[in-house]
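Got a predicted structure plus its sequence, pasted below:
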Amino acid sequence: MNSISLIAGGAIIIQITAIYCIWKAITSARTPQSSIGWSIFLISAPVIAVPAYLFFGHHRYRGYEISRRSSERVIRGVEYQQIEHPMASKPAVDPTALEKIADFRAVGGNAFRILIDGQETFEAIFAAIDQAKNYVLVQFFIVHDDEIGRDLQRHLISAAERGVKVRFLVDPVGSHGLSKDYTSLLRKAGVEVAARARGNRPRHRFQINFRNHRKTVVVDGQTGFVGGHNVGDEYLGRSEEFGPWRDTHLEMRGPVVAQAQLIFAEDWHWVIGTDLIDELHWSPEAQPENRSALVVPTGPGDVLDTGTLFFFNAIAAAQDRVWIASPYLVPDQEVLVALKHAALLGRDVRLIVPDAVDHWLPWLASFAYYTELLRAGVRIFRYKEGFMHQKVVLVDHGFAAIGTSNLDNRSFRLNFEMMVTVLDEAIAAQTEEFLKRDMARSFEVKTAFEGRSLAIRVGSHIARLFAPLL
């Protein structure tokens, strides 16, 4: 009798929870299709659907404090940067919508260096850390305790030992395998480590589907790095599985560094609860190159779907071309329509994706989008010389964005991301040059499943069902 009562009680609790989840799905899901899908799942299989919804049914990260909207000190600092360093000239692509998405204004006075692949990227980052005088801020999605990971560790320890304040932040999911020995050595040297969430951040385990995918290094508030590289030997082409690794990072100097630094401060505050605003330098020196740019941070803490809006705005702004390089092609409906519409208008729309596989589900799902994109006139190139992991957007001849956002649903609304958008013809020309080299190392897709097995043809459509989670 007791066991029967327990089973009955459990069933009642599951049903009540399912009803609550259905209500949440109806009132908060982004699309009617999503609401219907979750509702049917919760009604038909509540025992499975309730846990699934609790982990994967949300696309908002409640309570994330965004300092650039709530801190008067930050607002005054941002306004100062805008007044002191206005854009050098009227950009070819109007940044108004991006400025509203970012809560930043585009500023002039910046200099940039595009870093191609891991060797160049980590040499530049380590050189900057070695020259640090006051502080170093380091944030990566993934850090491995391997050769390049230990190289980073040594440079950070060396900086800390000479009196530089070093702060180290990684995503607890992306870096779940990072050893305690690794972070213990950092702490012993005086590095402040936020390797895993403390206190009540994230507030409960159902938020683990949200990831901080940003990769940022800031030195003394003067030099910054953002891009696709994580810290692992595979990012330098040392993996037998992936072979050569194609990625892009961006080194920046000037007022835009303060924007990237502020996003780090927001992330640090969320994990640690410590406000860094008064401890950091907020007036980077203007550079003679005087290039205009802004940082566009996106994530589930925003009121709007800023990840989707970034790509939609970039695609819609194109008058001549839009080229996008991404390791994953799993767009939501809005971005998918924007790509097709741009191609139908006669814009030169090109997508560069890897032919190699690192995660099977998004790799498979991408094939399910090919037919409609190709019919609309979008050109798709599959990179074949190793794995391509860069996240780059080129619009017309005066807009180039390099950062951490993939062309997939996870980056659109589940991950915290950052794209540095440079409104400058010279940087756009450099971006065009390396993307052309990447396309020369690719083959162009003519039909969606040419040469592909029946398993891929069938599996791609099944994998697309999971697109909202990829």
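Good, I have the coordinates. Numbers count the residues shown, from 1 in each chain.

the helices in the stretch 151-300 of the chain, which residues?
For the stretch 151-300 of the chain, the helices defined by DSSP state H, counting those that start in this stretch occupy 180-188, 256-272.

With only the CA atoms kept, save the shortest one in CSV.
Only the C-alpha atoms of helix 180-188 are listed here, as CSV (Å, rounded to 0.1, in the frame of the first residue of the first chain):
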residue,chain,number,x,y,z
LYS,A,180,42.4,21.0,-9.6
ASP,A,181,46.2,20.8,-9.7
TYR,A,182,46.2,23.3,-12.6
THR,A,183,44.2,25.9,-10.8
SER,A,184,45.9,25.2,-7.5
LEU,A,185,49.3,26.1,-8.9
LEU,A,186,47.8,29.4,-10.2
ARG,A,187,46.3,30.2,-6.8
LYS,A,188,49.5,29.4,-5.0
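
picking up where we left off before, rank the helices of the stretch 151-300 of the chain by mean pLDDT and give me the bottom one.
Confidence, taken as mean pLDDT, is least for helix 256-272 of these (a mean of 91).

Give me the contacts around stretch 175-186.
140-145, 149, 153, 156-157, 160, 166, 168, 170, 193, 195 (CB atoms under 8 Å, 6 or more residues apart in numbering). Yep, even glycine has a C-beta here, placed from its N, CA and C like the rest.

now, among those, which is nearest to residue 331?
Among those, residue 141 lies closest to residue 331 (CB to CB), at 20.8 Å.

ok, for that closest one, nearest residue in space, not its chain neighbours?
Leaving aside its sequence neighbours, residue 141 sits nearest to residue 174 (CB to CB, 6 or more residues apart in numbering; 4.0 Å).

if I read this right, that neighbour contacts residue 211, doesn't it?
Yes - assessed by CB atoms under 8 Å, residue 174 is found in contact with residue 211 at 6.2 Å.

shared neighbours, the two?
In contact with both residue 174 and residue 211: residue 141, using CB under 8 Å, 6+ apart.

ranges for the helices of the stretch 301-450 of the chain?
So, for the stretch 301-450 of the chain - with DSSP H, counting those that start in this stretch - the helices run 306-317, 333-344, 360-376, 409, 425-440.

just these: most buried one?
Neighbour counts (mean count of other CB atoms under 10 Å) averaged over each of the helices of the stretch 301-450 of the chain peak at helix 409, with a mean of 25.

That one packs against which elements?
On a contact count with 3 or more CB pairs under 8 Å, 6 or more residues apart in numbering; DSSP states H and E, helix 409 meets no helix or strand.

chain center to that helix, what's the gap?
The chain centroid and the centroid of helix 409 are separated by 11 Å, computed with CA atoms, centre = their mean, to the nearest Å.

cool, stretch 136-149 as well?
From the chain centre to the centre of stretch 136-149 is a distance of 16 Å (CA atoms, centre = their mean).

Can you give me the end-to-end span of it?
End-to-end span of stretch 136-149 (CA to CA, to the nearest Å): 16 Å.

same thing with stretch 238-253?
Start-to-end, stretch 238-253 (CA to CA) is 30 Å.

got the buried residues for it?
Using 16 or more other CB atoms under 10 Å as the test for burial, stretch 238-253 gives 238-239, 242, 244-253.

how about the nearest residue to residue 126, chain neighbours excluded?
With CB to CB, 6+ apart, the residue lying closest to residue 126 is residue 155, at 5.0 Å.

Wait, the one you found touches residue 129, no?
Yes - assessed by CB under 8 Å, residue 155 is found in contact with residue 129 at 4.7 Å.
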